[in-house]
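J.: What follows is a protein structure lacking sequence information:
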């Protein structure tokens, strides 16, 4: 495809045209392409450009024919045999002499049977426009304006075909006039343009090849005339305009050797700057691995590139069923939303089809047949909106349909931004970086409504909910605070350029809040955007004391990037801010939230402590487990529960130490996350069992030992398996976090771990409190019985020890040290305390339940005595 088509092809699949590879990557890219038998050049996208930069114009050295003044002698004859032409296209570059307003003949083609067989004439009207008229078989079209008589070079094309006598005139790449009926009527109609005629440039032939008249001659400069025996498409005419010759069906190509030039006509060679401008795009030369430029209109191979995370998010979305697609397709009685974003083609829509499709989609979304959009649904809607935004509006399209299309488009944009879909946006955060992608699509859509503006109707307002646009002389659009705030709050970290997040001064960028509506202002001139300075005031929607101002640049693949470039604050009030920007784009006020940032040294220290602590803890747990097996302790509930707790905790910490290594492999990372969830959930479940066992021993005994152990095993292993199984079944595609192998925080899957843990900690805290109360009461009674006359200091000391001993012994097995995790965000000190206490939990268990356990020491002593004996 050409560069533009290739870029659109990738964009339609939520990918990006391959970026310019780094030096280290070029060799591997070349091997990859050669393995797919791709040779020559492939398209690249500029790595450093967010919006397309204006490409270089291409110099084109051509012979130019100079017709000075209007005479009856100057002419140029085309030395080429013309076949019969059932269809024809003639294109050239032209510089019109503005000193005369008389009719001028640009070219004339005559045959023996008919002198005025094919002819193009022009004149300058009173308003300063050059008007063209086409003559075929002596039938004359009206004179219609095609370009300004400004003395500049202009490109034109005229097309005609035998069927219905359909004709069109293009100037500077745009169709300026078209109609049908330029043909003979009667029994012989329609007929092709006869062959074997004489083609003269600059004169009207009143006889075959001669009899010229000065008042009908051409005055000006002409070059690059080409004639084809077919009707060229708009895309092909754009290529010709950009100085690229289409060889297929070419009857005459511009060349000095194929022209008979009358002696008074001056022929000069000049450097013509193609009036495209000719777009030149980056290419990778596969063989050499070098980089160069080629015309963007060439057809070359290309590669669509995904980030790894975006690709897997798309693949996961494809595995889900799409209720929206089935509803829309059944109502449309055809496939409107395809099964896969990877296989759908880039289809061109017309206005009628687009209107029907958006009508059905808006109806389904409006009536709530799909209450919450799945990721696959949201991607399908965005893909459809993207497809409609690339639609070409034809001259004959009904304007009422166009306005209705705008209404449906805005309604759909509002419906997909509703609050219930906030979680879905976060699930495709790597594919579409936030709902600012909707702003970019709506911005494209607004330009379609330009034909609706007339002298009688000077403004258009279309609004639905929080989204709408308003067009007067400029194109204005706004997105209400509510519509984007919900989505941006969940994806601000990815949607906001990281260079705005200050990392100095001990502060860390936490989040960005849209504090106002997002507005857009664009000045249009002849359907082209022109940047101009803008002064505006935005009212704050959230009351913040301190805020930072940022300007939004739309980036289709990044979903929006914030920048202060070219903008300054004119005046800031508590409820509003006035700004001045030296260019027009999309604007908003962002309110930034910061938190204290840990330094690199602190992060390194915390990671190191975690790894060392987990390593020591793992070794201590394994030694404790082996010790319990070797010394053959008397079989008891307590020993069995300890063994299971140690096994679960050791497995979890072993996985935790090496989970970072699994990040690069998605399947492995998923498995590591599931097993981490299982083993840490099992560890906490056995901590709960420790609490229940303690309660049964100290406070109340309600069931037999056999029944208790069955209940303990169901709680310790059955409950974690159930929790992990249900979580995987309900949130399979939302399970893993984006940047590490653990449960996703963004999708609330983390509560499948945090919820049960908080419950267990609450139960165990109550158990510990009750045990301490019983122990203290028992110690007090024993103290009064055994030492009734002891001093007050001794009694207080005994009470303190009676309180401290169960706390020290039971803290590690009941998991209460994890409560410190709630305080980590308050200060870095709590982070160190939390890591030390929990990463050394295994060592603590080893010391308390192995080294200082009287049962273990007695068993070891018995083994020593037995060995000695």
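T.: Received, thanks. All figures in this text were calculated on a predicted structure; none of them were measured in a lab.
J.: which of the residues in stretch 325-333 are buried?
T.: 325, 327-329 (16 or more other C-beta atoms under 10 Å). Just so you know, the C-beta spots here come from the backbone N, C-alpha and C atoms, and that holds for glycine as well.
J.: just stretch 177-193 next, same as before
T.: Within stretch 177-193, judged by 16+ other C-beta under 10 Å, the buried ones are 177, 182-183, 190, 192-193.
J.: what about residue 252, neighbour count?
T.: Residue 252 has 19 neighbours, counted by other C-beta atoms under 10 Å.
J.: residues contacting residue 734?
T.: 427, 744, 747, 749 (C-beta atoms under 8 Å, 6 or more residues apart in numbering).
J.: Three-state assignment for the last one, please.
T.: When you say that, I think you mean residue 749. Secondary structure state of residue 749, per DSSP: H, G, I helix; E, B strand; the rest coil, is coil.
J.: That one touches residue 735, doesn't it?
T.: Yes - taking C-beta atoms under 8 Å as the definition, residue 749 is a contact partner of residue 735 at 5.7 Å.
J.: Could you list the domains of this structure?
T.: Split into domains by the TED database, the chain comes to 3-53+279-304, 59-273, 307-457, 518-581, 608-808.
J.: which residues of the stretch 351-500 of the chain fall in helices?
T.: 351-366, 375-389, 399-416, 422-427, 436-446, 481-495 (DSSP state H, counting those that start in this stretch).
J.: Ok, which of those comes nearest residue 677?
T.: helix 422-427 (19.0 Å; C-beta to C-beta).
J.: ok, of the contacts of residue 734, which one's closest to residue 416?
T.: Nearest to residue 416 among the contacts of residue 734, with distances taken as C-beta to C-beta, is residue 427, at 13.4 Å.
J.: before we move on, the earlier item: now tabulate the buried residues of stretch 325-333 in JSON lines and tack on distance to residue 766.
T.: Below are these laid out as JSON lines (distance: C-beta to C-beta, whole Å):
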{"residue": "325", "distance to residue 766": "51"}
{"residue": "327", "distance to residue 766": "50"}
{"residue": "328", "distance to residue 766": "54"}
{"residue": "329", "distance to residue 766": "56"}
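J.: Of the residues you listed, which is the nearest to residue 152?
T.: residue 328 (49.4 Å).
J.: For ChimeraX, what selects the buried ones among the contacts of residue 734?
T.: Restricted to buried positions by 16+ other C-beta under 10 Å, the ChimeraX selection for the contacts of residue 734 reads:
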select :427,744,747,749
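J.: Have a look at the contacts of residue 734 and tell me the least confident one.
T.: Scanning the contacts of residue 734 for pLDDT, the low point is residue 747. It has 74.
J.: what's near enough to touch it?
T.: Residue 747 neighbours (C-beta under 8 Å, 6+ apart): 423, 426-427, 731, 734.
J.: Ok, residue 756 next?
T.: Taking C-beta under 8 Å, 6+ apart, one finds 681, 684-685, 719, 723 in contact with residue 756.
J.: how far is the helix or strand harbouring it from where the chain is centred?
T.: Under the criterion of DSSP states H and E, residue 756 resides in helix 751-786. Distance of helix 751-786 from its chain centroid, counting by C-alpha atoms, centre = their mean, to the nearest Å, is 53 Å.
J.: Make sure residue 753 is actually in contact with residue 743.
T.: Yes - using C-beta under 8 Å, residue 753 makes contact with residue 743 at a distance of 5.8 Å.
J.: of those two, who's got more company?
T.: residue 743 (23 against 20).
J.: picking up where we left off before, any chance of the helices of the stretch 351-500 of the chain in a markdown table, plus distance to residue 453?
T.: Compiled in a markdown table, these are given as follows (distance: least, C-beta to C-beta, whole Å):
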| stretch | distance to residue 453 |
| --- | --- |
| helix 351-366 | 17 |
| helix 375-389 | 19 |
| helix 399-416 | 10 |
| helix 422-427 | 34 |
| helix 436-446 | 12 |
| helix 481-495 | 26 |
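J.: just so I know, which of those helices lies nearest residue 690?
T.: Set against residue 690 and scored by C-beta to C-beta, those come closest in helix 422-427, at 36.4 Å.
J.: Relative to the whole chain's centre, how far out is the closest one?
T.: For helix 422-427, the distance to the chain centre is 13 Å (C-alpha atoms, centre = their mean).
J.: Which elements pack onto it?
T.: helix 375-389, helix 481-495 (3 or more C-beta pairs under 8 Å, 6 or more residues apart in numbering; DSSP states H and E).
J.: how about low-confidence regions in the stretch 151-300 of the chain?
T.: Within the stretch 151-300 of the chain, the stretches with pLDDT under 70 are 185-189, 271-279, 289.
J.: show me where it has strands.
T.: 153-161, 166-171, 174-179, 198-201, 220-228, 250-252, 259-261, 266-273, 280-285, 291-295 (DSSP state E, counting those that start in this stretch).
J.: Show me how far the last one is from its chain's centre.
T.: Computed by C-alpha atoms, centre = their mean, the chain-centroid distance of strand 291-295 equals 26 Å.
J.: Other residues contacting the following helix or strand past it?
T.: Scanning forward in sequence from strand 291-295 by DSSP H and E, the next helix or strand is strand 304-305. Residues from elsewhere that reach strand 304-305, judged by C-beta under 8 Å, 6+ apart: 9-10, 13, 15-19.
J.: Can I have the buried ones of the residues you listed as a PyMOL selection?
T.: Command for PyMOL that selects the buried part of the contacts of strand 304-305, burial taken from 16+ other C-beta under 10 Å:
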select buried, resi 9+10+13+15+16+17+18
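J.: Give me the subset of the contacts of strand 304-305 lying in helices.
T.: 9-10 (DSSP state H).
J.: which stretches of the stretch 551-700 of the chain aren't confidently modelled?
T.: Using pLDDT under 70, the flagged stretches of the stretch 551-700 of the chain are 551-565, 574, 583-599, 699-700.
J.: circling back to that earlier point, nearest to residue 2, of the helices of the stretch 351-500 of the chain?
T.: helix 375-389 (18.3 Å).
J.: For residue 609, which non-adjacent residue is closest in space?
T.: Distances taken as C-beta to C-beta, 6 or more residues apart in numbering place residue 835 nearest to residue 609, at 5.1 Å, with adjacent residues excluded.
J.: Quick check: the one you found touching residue 606?
T.: Yes - checked against C-beta under 8 Å, the pair residue 835 and residue 606 is within contact range at 6.1 Å.
J.: With neighbour numbers in mind, choose between those two.
T.: residue 835 (22 against 16).
J.: Give me the buried stretch members for the helix or strand encompassing the more buried one, please.
T.: Using DSSP H and E, residue 835 sits in helix 828-839. For helix 828-839, the neighbour count (16+ other C-beta under 10 Å) marks 831-835, 837-839 as buried.
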